[in-house]
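J.: Just a sequence and a predicted model for now, questions to come.
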Amino acid sequence: MAATGSEKQGAKAFYVSTPIYYVNDAPHLGHAYTTVAGDVLTRWHRQRGEKVWYLTGTDEHGQKIMRTADANGVTPQEWCDKLVEEAWKPLWEHLNIANDDFIRTTEKRHTDRVQEFVQDLYDKGEIYKGGYEGPYCVGCEEYKLPGDLIEDEQGVKLCPVHKKPVEILKEENYFFKLSEYGPKLLDFYEKNPGFIQPESARNEVVNFVRQGLEDLSISRSTFDWGIPIPWDEKHVIYVWVDALLNYATAVGYNENPAKFDETFPANVHLIGKDILRFHAVIWPAMLMAQGLPVPGKVAANGWLMVGGEKMSKSNLTGIKPQDLTSHFGVDAYRWYFLRAIAFGQDGSFSWEDFTARYTSELANDYGNLASRVAAMVGKYFGGALPASGADGPAEAAVHEGLAKAVAEADRKIGEELDFQGGILAIFDFVKQVNGYITEQEPWKVAKDDSDEGRARLATILYTAAESLRAVAVLLNPIMPETSQKLWESLGAEPVLGPLADQRVDDAATWGRLPAGATVTKGAVLFPRLEEPKKD
């Protein structure tokens, strides 16, 4: 996405990251949920006129990748290359994700810097050699604490995330002195209560750290698909240490100081709650050890559930995003999950719920409003937006409703990461404008050919069209394609410029769409859904 002219050069970028996703398989709805959320957040901040950096990428080392590649008869690098180029990058392009960078942990710009970071910690005495034995989940690439495990009916110990048996591993490792950072982390959490979101996630992390931290094994010696430890190449760096460092290596750590200073640390790390401890405990401790600033916020979204199970390939609930976009469209897809599920909480997906919300809110409330207004401007004023006459109490209420919607949406989306609340604020305004048109009955006012009647009709239709101008701006980060169609339908671009350059705060400035703008009734924004094909 092109930078807007209002960005402050040299200012700290609003830096948002997704997790780097494990490429053991193709992406599913859960991966796309987090990535779309990040895209909406960064697009919103761009429309605040801020300098923004949005990072996503793939995590390509570790035992799980090695085993998956071996099972498919290819090398790990060949497997990663295929998945990234044929599945991950194409999906983000399909979903209109405007990321600024895509980092792969097999890239030299990453691997060299990771070795330097770990070497620095070793030289500072933060890393020592030891041995470890314990239950290990290959799916999580993590040693599990005994208290974290669950049992099946036969008493076999299982990973609580993947519901698969853990392996007991014993190996010589290098360890990071994580245990020494417990007090520092607790002090940091207390001074920065908003660092971990939601509150339930914060409470979980604080309680975990209070119980006492163990030193972290940061190397593996039983397989070789990873970044070699620079002082002992019989070991590779633990995949999570490798992975977490992408947030630094992608923005110029030890390579481009100017870019690093203008970008790092991240303002927001968007993650799934199953990787919370890595990001809220291990990552800030590593940064503290290196004397680097910690992130502004770690925001853990909940799990997408299908049939009561977390959506994942192993649980056979991994639905392809394209299965939904082919039916509902990309913009409706981007809108639905953030609208239907409170970010930070678990949420259930169903085809029926998506269909109901699409029909009621997108097609009937929003799409129908846009069609009606364009049709009436065309019918009664030849497609030229009329100048508004004198505003009355009904118009004042619409002005007030818009100001409230802009302020609430900006606070909820831009500051609180409450995407659902922000979207509801915008759609409450859409409902208000629909109610305004119903009450004012412009089709009846049009029968009055007097000057007063024409002036009143002009006021009603201008109020409706100007409201839609603001809605197009507010919904652009969420539904960019349909917002652009509405922008063009209102004839806004020739007089106001590209939609992407419109500021959120300007959305509430009444009267920006000038009289005389050419309003056309374009294609329906949200077409009627076709009935699913029956077998």
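T.: Structure's in. What do you need?
J.: Is Asp81 in a helix, a strand, or coil?
T.: The three-state label for Asp81, taken from DSSP: H, G, I helix; E, B strand; the rest coil, comes out as helix.
J.: distance of the closest residue to Tyr380 other than its chain neighbours from Gly378?
T.: When the adjacent residues along the chain are set aside, Tyr380 lies closest to Ala446, with 5.3 Å between them (Cβ to Cβ, 6 or more residues apart in numbering). Where you see a C-beta, it was placed from the backbone N, CA and C, and this is true even at glycine. When Cβ to Cβ, to the nearest Å is applied, the distance between Ala446 and Gly378 equals 12 Å.
J.: For the helix or strand hosting Ile460, name the packing helices and strands.
T.: Element membership for Ile460 (DSSP states H and E) is helix 451-475. When contacts are defined as 3 or more Cβ pairs under 8 Å, 6 or more residues apart in numbering; DSSP states H and E, helix 451-475 sits against helix 368-381, helix 393-409, helix 419-440, helix 442-445, helix 480-489.
J.: so where is the chain shaky, pLDDT-wise?
T.: 1-10, 132, 138-147, 162, 307-318, 532-535 (pLDDT under 70).
J.: rerun at 90
T.: Where the chain drops to pLDDT under 90, the residues are 1-11, 24-26, 28-30, 62-64, 130-173, 221-224, 302-320, 348-351, 522-523, 530-535.
J.: Quick one: residues contacting the most far-flung residue of the chain relative to its centre.
T.: Most distant residue from the mean C-alpha position of the chain: Ser450, 52.5 Å away (Cα atoms, centre = their mean). Taking Cβ atoms under 8 Å, 6 or more residues apart in numbering as the criterion, Ser450 is in contact with no other residue.
J.: Among Ala446 and Gly378, which residue is more densely surrounded?
T.: Here Ala446 and Gly378 are set side by side on neighbour count (other Cβ atoms under 10 Å), and the busier one is Ala446, at 18 against 15.
J.: Contacts only, for that one.
T.: In this structure, Ala446 makes contact with Met376, Lys379, Tyr380, Gly453, Leu457, judged by Cβ under 8 Å, 6+ apart.
J.: and what of Asn99?
T.: Contacts for Asn99 (Cβ under 8 Å, 6+ apart) come out as Gly38, Asp39, Tyr54, Leu55, Thr56, Trp92.
J.: Could you verify that the fifth one is part of a strand?
T.: Spelled out, that is Thr56. Yes: residue state for Thr56 (three-state DSSP) corresponds to a strand.
J.: Could you look up the SS state of the closest residue to it other than its chain neighbours?
T.: Counting by Cβ to Cβ, 6+ apart, Thr18 is the residue found nearest to Thr56 once chain neighbours are left out, at 4.4 Å. The three-state label for Thr18, taken from three-state DSSP, comes out as strand.
J.: OK, contacts around Thr18?
T.: Taking Cβ under 8 Å, 6+ apart as the criterion, Thr18 is in contact with Thr34, Thr35, Gly38, Leu55, Thr56, Gly57, Leu270, Ile271.
J.: Kindly report the same for Leu475.
T.: Residues in contact with Leu475 (Cβ under 8 Å, 6+ apart) are Ile426, Thr482, Ser483.
J.: let's see it at 10 Å
T.: For Leu475, the contact set (Cβ atoms under 10 Å, 6 or more residues apart in numbering) comprises Asp331, Trp335, Tyr366, Ala409, Ile423, Ile426, Phe427, Val430, Thr482, Ser483, Leu486, Ala507.
J.: Pull out the buried positions in stretch 213-222.
T.: Leu213, Asp215, Leu216, Ser217, Ile218, Ser219, Arg220 (16 or more other Cβ atoms under 10 Å).
J.: Stretch 376-391 too?
T.: By neighbour count with 16+ other Cβ under 10 Å, stretch 376-391 contains the buried residues Met376, Val377, Tyr380, Phe381, Leu385, Pro386, Ser388, Gly389.
J.: Check the separation of the first and last residues in it.
T.: The separation between the terminal residues of stretch 376-391, taken as Cα to Cα, to the nearest Å, is 19 Å.
J.: Quick one: distance of it to the chain centre.
T.: On the basis of Cα atoms, centre = their mean, to the nearest Å, stretch 376-391 is displaced by 39 Å from the centre of the chain it belongs to.
J.: do stretch 276-292 as well
T.: Between the mean C-alpha location of stretch 276-292 and the chain-wide mean there is a distance of 22 Å, by Cα atoms, centre = their mean.
J.: again with stretch 465-478
T.: Relative to the chain's own centre, stretch 465-478 is displaced by 20 Å; criterion: Cα atoms, centre = their mean.
J.: Output that stretch as CSV, nothing but the C-alphas.
T.: The C-alpha atoms that make up stretch 465-478 are tabulated as CSV, following Å, rounded to 0.1, in the frame of the first residue of the first chain:
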residue,chain,number,x,y,z
ALA,A,465,-25.1,10.5,0.4
GLU,A,466,-22.7,12.4,2.7
SER,A,467,-23.3,9.8,5.4
LEU,A,468,-22.3,7.1,2.9
ARG,A,469,-19.2,9.0,2.1
ALA,A,470,-18.2,8.8,5.7
VAL,A,471,-19.1,5.1,5.9
ALA,A,472,-16.9,4.3,2.9
VAL,A,473,-14.0,5.9,4.7
LEU,A,474,-14.7,4.0,7.9
LEU,A,475,-15.2,0.6,6.3
ASN,A,476,-12.2,0.9,3.9
PRO,A,477,-9.8,-0.8,6.3
ILE,A,478,-12.2,-3.7,6.8
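J.: if we can go back for a sec, of the buried residues of stretch 376-391, closest to Gly401?
T.: Of all the buried residues of stretch 376-391, the one sitting nearest Gly401 is Ser388; the distance, using Cβ to Cβ, is 16.4 Å.
J.: quick one: what helix or strand has that closest one in it?
T.: Secondary structure assigned from DSSP H and E places Ser388 in neither a helix nor a strand.
J.: quick one: contacts for the residue nearest to it when sequence neighbours are not counted?
T.: Distance criterion Cβ to Cβ, 6+ apart; nearest residue to Ser388, sequence neighbours excluded, is Tyr462 at 3.9 Å. Residues in contact with Tyr462, defined by Cβ under 10 Å, 6+ apart, are 373, 377, 381, 385-389, 391, 395, 511, 513, 515, 517.
J.: Output the residues you listed as JSON lines; include the columns distance to Ala13.
T.: Conversion of those to JSON lines gives the following (distance: Cβ to Cβ, whole Å):
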{"residue": "Val373", "distance to Ala13": "38"}
{"residue": "Val377", "distance to Ala13": "41"}
{"residue": "Phe381", "distance to Ala13": "45"}
{"residue": "Leu385", "distance to Ala13": "38"}
{"residue": "Pro386", "distance to Ala13": "43"}
{"residue": "Ala387", "distance to Ala13": "42"}
{"residue": "Ser388", "distance to Ala13": "40"}
{"residue": "Gly389", "distance to Ala13": "45"}
{"residue": "Asp391", "distance to Ala13": "41"}
{"residue": "Glu395", "distance to Ala13": "40"}
{"residue": "Gly511", "distance to Ala13": "33"}
{"residue": "Leu513", "distance to Ala13": "32"}
{"residue": "Ala515", "distance to Ala13": "39"}
{"residue": "Ala517", "distance to Ala13": "35"}
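J.: so which of these would you say is closest to Lys129?
T.: Nearest to Lys129 among the contacts of Tyr462: Leu513, at 68.1 Å, using Cβ to Cβ.
J.: my read: the closest one touches Leu496, true?
T.: Yes: with contacts counted by Cβ atoms under 10 Å, Leu513 reaches Leu496, the gap being 7.1 Å.
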